[in-house]
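Colleague: model the following, please.
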Amino acid sequence: MSAPEEPPERGRHQGQPAQPDMQSAALAAWLARHVRGFTGPYTAEKIAGGQSNPTFRIIAASGTYILRAKPLGQTLPSAHAVDREFRVLSALAGTDVPVPAVHALCTDDTVIGAMFYVMDCVPGRVFWDSRLPDFTPAQRAAVFDSMNRQIARIHMLQPEEIGLGDHGRKGNYLERQVSRWTRQYRAAATGENDAMERLIEWLPRNLPPEGQTRLVHGDYRLDNLLIAPDRPEVVAVLDWELSTLGDPIADFAYHAMSWRLAPDLFRGLAGVDLAALGIPDERAYLDAYLARTGFARPEAWEFHLVLSMFRIAAILQGIARRAIDGTASNADAVEIGAKAIPIARIAWSLARTINRGDAG
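Modeller: The predicted structure follows:
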């Protein structure tokens, strides 16, 4: 199966929100044919959380599965690419990166109304607060060490060796990221955001030299990971919708952006007493990653953080637009989307401190 050269855009879909038909006879028949060992009857429940692809838990006589679908209705051409996720999960099955086992991809929209794939349900916990309030300091340290280990494992993979050599374009990754998220922001803009406009001018003028080309997750953060039910360890890396080939340092910076944002802004760690909680500071976390990968210390680390904040602001602006259009998947979309402005302001403030080019 051939994947697009670029990661998908998280674009708004038009029209009224709709849900896949999870009780159709066609789905029951498809599951019986394509999921090994599947036997019904089954029930389906929507999994809360996330702003992108509808995800359901399928509880059947033969076990529990996860179905992840493309949203119903019209989407941007490359948006919500569940086929892209399926391909990456399939490729990672033989590596040391923990991912759920996938069963099959359905490209026939008549089954539930949209493309979808089915994977195993991995027992685990999802946490949205990076401070992990119910953990001890030692447990928090172990979770962060495990997160660091897994993203390092992703970035140490050679894409060609796992069949993903064509999972994205090679070269000019940072330039293409700036262009892509600028387009995404422009398509979703709903009002004035002066900081985003300044960043749109500043980022292309201050691009650092290109790094190595590796598989990048694109949205690696705590709430896209499953933590084991009984221990502080990552047991599955989820949500590969934005994966592509690119600069691993940029991907790690997007993950490490949490240290620059406040907990109430984007589930961050800024202003938190990290030592008391047992959480490493940004420098120590980066050092651990560099030790694991053998990569050189990035000279343009702050640039990568600015680009990361620009990206998340563009994504949040898309959520804000979907809220206005009435097509958002979550009821809290308005509140989430509104955070695009303060995050853009933080990014612009950081950009002005970087002695590369003219920050205005």
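
Colleague: quick one: the helices in the chain?
Modeller: For the chain, the helices defined by DSSP state H cover 25-34, 82-92, 137-156, 173-188, 194-205, 248-256, 263-266, 274-277, 282-293, 301-325, 333-337, 340-351.

Colleague: mean pLDDT lowest for which of these?
Modeller: Ranked by mean pLDDT, these bottom out at helix 333-337, with a mean of 71.

Colleague: returning to that earlier point: tell me which of the helices of the chain lies nearest to Ile47.
Modeller: Ranking these by proximity to Ile47 (Cβ to Cβ) places helix 82-92 first, at 14.4 Å. For the C-beta atoms, the positions are set from N, CA and C on the backbone; glycine is no exception.

Colleague: now the closest one, how far from the chain's geometric center?
Modeller: 14 Å (Cα atoms, centre = their mean, to the nearest Å).

Colleague: quick check: the gap between Gly211 and Gly271.
Modeller: 30 Å (Cβ to Cβ, to the nearest Å).

Colleague: pick out whichever of the two has more residues nearby.
Modeller: Gly211 (19 against 10; other Cβ atoms under 10 Å).

Colleague: tell me the pLDDT of that one.
Modeller: pLDDT for Gly211: 89.

Colleague: return the distance of the residue nearest to it when sequence neighbours are not counted relative to Ala288.
Modeller: Spatial nearest neighbour of Gly211, excluding adjacent residues (Cβ to Cβ, 6 or more residues apart in numbering): Asp247 at 4.0 Å. As judged by Cβ to Cβ, Asp247 and Ala288 stand 19 Å apart.

Colleague: now the most centrally placed residue in the chain: how far from Gly63?
Modeller: Centroid-nearest residue in the chain, with Cα atoms, centre = their mean: Asp219, separated by 2.5 Å. Distance from Asp219 to Gly63, counting by Cβ to Cβ: 28 Å.

Colleague: now the closest residue to Leu290 other than its chain neighbours: how far from Leu286?
Modeller: Leaving aside its chain neighbours, Leu290 sits nearest to Arg297 (6.1 Å; criterion: Cβ to Cβ, 6+ apart). Using Cβ to Cβ, Arg297 is found at 8 Å from Leu286.

Colleague: more neighbours, these two?
Modeller: Remark: of Arg297 and Leu286, Leu286 carries more neighbours, 20 against 9, as counted by other Cβ under 10 Å.
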